[in-house]
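Asks: Give me a model of this one.
(2 chains)
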2 protein chains.
Amino acid sequence: MSFQKLDALGHRLEAFSHALSILGVDEAVSMAAGGGEARAESMSLLAGMQHREASAPEIGDWIDAAEQEDLSDDQKAALRELKRQYLNLTCLPVEFVEKQMRTRMRSEQLWRDLRPRNDWKAFEPALDGVIQMVREEAAMRAEVLKLDPYDAMLEQYDPGTRAADIAPVFDDLKQFLVDFVPRALSVQEENLAKRPKKPLSGSYSIEKQRELGLTLMQAVGFDLTHGSLSVSHHPFCGGVPTDVRITTRYKTSEFLSSLMGVLHETGHALYEQNLPKEWAHWPLGKARGMAAHESQSLFVEKQIGRNPAFWQWALPIVETHLGEDWSIDDILPHVHHVERGLIRVDADEVTYPLHIILRFELEQDLIAGRLETKDIPEAWDARMQAYLGLSTIDSPGDGPMQDVHWPASLIGYFPSYSLGAMMAAQQWATIVDQMPDIGTDLSKGNFERVNDWRRQNIWSQGSRWSTPELMQRATGSALDASHFKRHLEARYGG
Amino acid sequence: MSFQKLDALGHRLEAFSHALSILGVDEAVSMAAGGGEARAESMSLLAGMQHREASAPEIGDWIDAAEQEDLSDDQKAALRELKRQYLNLTCLPVEFVEKQMRTRMRSEQLWRDLRPRNDWKAFEPALDGVIQMVREEAAMRAEVLKLDPYDAMLEQYDPGTRAADIAPVFDDLKQFLVDFVPRALSVQEENLAKRPKKPLSGSYSIEKQRELGLTLMQAVGFDLTHGSLSVSHHPFCGGVPTDVRITTRYKTSEFLSSLMGVLHETGHALYEQNLPKEWAHWPLGKARGMAAHESQSLFVEKQIGRNPAFWQWALPIVETHLGEDWSIDDILPHVHHVERGLIRVDADEVTYPLHIILRFELEQDLIAGRLETKDIPEAWDARMQAYLGLSTIDSPGDGPMQDVHWPASLIGYFPSYSLGAMMAAQQWATIVDQMPDIGTDLSKGNFERVNDWRRQNIWSQGSRWSTPELMQRATGSALDASHFKRHLEARYGG
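Replies: The predicted structure is shown next:
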């Protein structure tokens, strides 16, 4: 039976994914400096073997044959998703993939060197090489998938998401934010004038911060029998659904950024830990995509973790571990701090979407050929000035060179971050609609009803629906910006 | 060119080995408890894929063809070892290997649960499943390799080692030890009567012990850019030659056992870190076998690390880290403590070989079918009484359930430990012969000449020679027990 062959294939591919995933975590958390070369060679060989196995021509025949078999609804859904993945995998010739991998690795290495030196001129040709290849990639994907080129890139990260659908949502949000950011800043200024900010600086041992993180992670639902918390230079959520590895980094002078990072990664981890186990080795059993994943991390970090009700419950726990006596009015100005800045990853939830919208707009222009690599710095600067009133023309390292995504050929990925933020707000609004007293749960550290809703509507669904369908089914309507705007109004609008 | 095909194959196989090795370390050091099942499945599938690739029928043809090619001496040696490995690998069918891996991992997990509960009854069926499969395995290996079944098992760990050659050496040692253990104990008693033992108990933080361990590891030659020290329940040396992972465990009440463990694993690590790099992806570039490996760990732990000259140098360093003021006469009674005990891994170097000889004898009986799994506890107890005057009949957890080896299908492995101890003594005797003032080096913390000798005679040789040949070439004579007996006489004989 062809379906069985595909099932066995799934187990083999999953073994590679498991190994690559754990090797990736190990590299970031435990590997000795001199182990990098052998690790890179091993991972690249394993990834190549997995790719060869996942894209073998006979799989197409098995899929065709399996479609004629008598399958359950679940099996049909599994087959549909596998077919989608197979099509996405096989639409690029092997030689192109290999050439792109080399171009990409060279440009990533160059990026690591040149960003700290602010050297756009030396970086531009390498980035241009990447952009030229991404244009080719988008054209090839577009032809096979019968999509617009940029949509074909989006499709890899958020199946079903189309630029024509999200552009109006982003435009709506942009119009709102260009006015709202100054308003939120002046509200903040007024508040601080009334009550000056109490500094959160102190000396917090890593052990105590770690214990605090573990306590909150578990309370929010992280299952420590299927995951753990460790330290790495860049925080991430990795590993496998049965053993989800989240990491953070600590400063002993300040605890909030590490703690919020832990909550963010916990959000990713909850999604992974609660995926449907019986389909773990099929695409159907994986998380839906980047936007859906980000909606889960931002749900925990922003909707829960920066909610005043949450802090009513969390503050005494923080005090127990760190031994400081803060009031809710001391902590909230830190948790809700807003600031215009150049750097996306440092941005708060109010200004963050403007960083994304800028990239979304430039990416589309780059793929469509309306923008050339050499003109990126000017285009970036013009939008930074228009959206955030800041200039990056003299500091490309804090401008178009700040992210690894473009040098790594990841075009179509950025929108996920803000789509995720809007999805999280819409999910939370739906929960509040269905359970108007849910705020009381947060203030008591009771996350069961929230998690039950997410388990049922998001986590257990795996990759059964496209990203827009998942939202439609979970919240009763298509994604729009109104919930996120209302969320910002309520939290930052005075 | 067939040799080139084999070289490319070596790189692919090495990628699997790398992954399996790091996954194994990760399982022991970092994995969440609930991650075991998926890890077991992934490792078993990867091991199966590696096995399939390493044992593909065309490899036999490539080897035959390569033998006709114009090869350098190194390439000829590489080919010879590959052929040996290919023969050892292809004597078992893939389905058998996969089934054995599953049986083994289940029984290991069960062992972890049941050993602390002393529950032989629940453990016996799982162990029996393993033993039955090992008998099948031994028979299949024996037929292909034209060896006795137990020799065919030994051959995996120590190529060239035959039970008929080592049994007389072990018998010689056993006769010696049955008399020598009581003598060493009474010498110790007399010494303690003259000078009572100063307890080494105190409170030593894990951080300080870790720093001490790292300091001594590095001094002895461990390269921290290609390896690291972490914590696991059972200390081991794992990872890959470019990133050797050693582990220890700490008690805050006592530092010596962890420190000696670190030195032991450092001995293993030095071998791995100094193997010939150009052959890293060929069997030729791997360590010769388990006995040779153990000779390197025991060389560092026993010949160097328990040498009074070593402690002249090490004691001030221990004091710097742990802040206690011991004299050499305070520490040596601990470093040279002898005690009859039930547990192999806790045994001192005098009583240790008796634990091994017991297992060597029982293993041969198990493989030959002269002993059944259900009768192990009685057989174990009888020998413990005869060799060490102790009974384990009421505490199987401290008897036949104490080691992971049998539940892990590792039969034929135990002799390596005591072969290694004897090899280390013989290597040290050869060094002393060639450099009579070498003790002065130890007392100054200078390990260069010792390491140069080992690099030249052991480490750089990889798998170029059989285990007996390696010893013959390094020390000028075949392995015998006399050097080890003389070593014990000198250190413990009064």
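
Asks: quick one: A:Val244 is in a strand?
Replies: Yes - secondary structure of A:Val244 (DSSP: H, G, I helix; E, B strand; the rest coil): part of a strand.

Asks: That one reaches A:Ala269, doesn't it?
Replies: Yes - the pair A:Val244 / A:Ala269 is scored as a contact, 4.4 Å apart, by Cβ atoms under 8 Å. Where you see a C-beta, it was placed from the backbone N, CA and C, and this is true even at glycine.

Asks: Quick check: closest non-adjacent residue to A:Leu177.
Replies: A:Leu354 (5.6 Å; Cβ to Cβ, 6 or more residues apart in numbering or on different chains).

Asks: hang on, the one you found in a strand?
Replies: No - counting by three-state DSSP, A:Leu354 is not part of a strand but helix.

Asks: What number of residues are in the vicinity of it?
Replies: A:Leu354 has 24 neighbours, counted by other Cβ atoms under 10 Å in any protein chain shown.

Asks: What of A:His18?
Replies: A:His18 - counted by other Cβ under 10 Å - has 27 other residues nearby.

Asks: A:Lys83 now?
Replies: A:Lys83: 18 neighbours (other Cβ under 10 Å).

Asks: hmm, the helix or strand hosting A:Leu23 in reach of chain B?
Replies: In this assignment (DSSP states H and E), A:Leu23 forms part of helix A:2-29. Yes - residues of helix A:2-29 are located near chain B by Cβ under 8 Å from any Cβ of the partner chain, namely A:11-12, A:14-16, A:18-19, A:22-23, A:25-26, A:29.

Asks: Save these as JSON lines, and put in pLDDT too.
Replies: Formatted as JSON lines, the residues of helix A:2-29 next to chain B follow (pLDDT from 0 to 100):
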{"residue": "A:His11", "pLDDT": "98"}
{"residue": "A:Arg12", "pLDDT": "97"}
{"residue": "A:Glu14", "pLDDT": "98"}
{"residue": "A:Ala15", "pLDDT": "98"}
{"residue": "A:Phe16", "pLDDT": "97"}
{"residue": "A:His18", "pLDDT": "98"}
{"residue": "A:Ala19", "pLDDT": "98"}
{"residue": "A:Ile22", "pLDDT": "98"}
{"residue": "A:Leu23", "pLDDT": "97"}
{"residue": "A:Val25", "pLDDT": "96"}
{"residue": "A:Asp26", "pLDDT": "97"}
{"residue": "A:Val29", "pLDDT": "96"}
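
Asks: of those, buried ones?
Replies: A:12, A:14-16, A:18-19, A:22-23, A:25-26, A:29 (16 or more other Cβ atoms under 10 Å in any protein chain shown).

Asks: any idea how far the residue positioned nearest the centre of chain A is from A:Pro415?
Replies: In chain A, the residue lying closest to the centroid (Cα atoms, centre = their mean) is A:Glu294, at 4.0 Å. To A:Pro415, A:Glu294 is 10 Å away according to Cβ to Cβ, to the nearest Å.

Asks: could you check the distance from the residue in the stretch 351-494 of chain A that chain B sits nearest to over to A:Arg454?
Replies: Closest residue of the stretch 351-494 of chain A to chain B, Cβ to the nearest Cβ: A:Gly462 (16.1 Å). For A:Gly462, the distance to A:Arg454 equals 13 Å [Cβ to Cβ].

Asks: same thing with A:Met1?
Replies: 35 Å.

Asks: Which one's more surrounded, the two?
Replies: A:Arg454 (24 against 12).

Asks: Count the neighbours of the residue in the stretch 251-400 of chain A positioned nearest to chain B for me.
Replies: Across the stretch 251-400 of chain A, no residue is closer to chain B than A:Ala280, which sits at 7.5 Å (Cβ to the nearest Cβ). By the criterion of other Cβ under 10 Å, A:Ala280 has 20 neighbours.

Asks: That one against B:Ser42, yeah?
Replies: No - taking contacts as Cβ under 8 Å, A:Ala280 lies outside contact range of B:Ser42: 11.0 Å.

Asks: Find residues that contact each of the two.
Replies: Residues touching both A:Ala280 and B:Ser42 (Cβ atoms under 8 Å, 6 or more residues apart in numbering or on different chains): A:Glu14.

Asks: Format the residues of helix A:2-29 next to chain B as TSV; extra columns: distance to B:Arg344.
Replies: Shown next, in TSV, are the residues of helix A:2-29 next to chain B (distance: Cβ to Cβ, whole Å):
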residue	distance to B:Arg344
A:His11	38
A:Arg12	39
A:Glu14	38
A:Ala15	34
A:Phe16	38
A:His18	34
A:Ala19	33
A:Ile22	31
A:Leu23	33
A:Val25	34
A:Asp26	31
A:Val29	33
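
Asks: which residues sit in contact with A:Leu419?
Replies: A:Leu419 touches A:158, A:161, A:166, A:291, A:294-295, A:467, A:479, counting by Cβ under 8 Å, 6+ apart.

Asks: rerun that using 7 Å as the cut-off
Replies: A:158, A:166, A:291 (Cβ atoms under 7 Å, 6 or more residues apart in numbering or on different chains).

Asks: which residues of chain A fall in strands?
Replies: For chain A, strands defined by DSSP state E occupy the ranges A:227-231, A:237-240, A:243-248.
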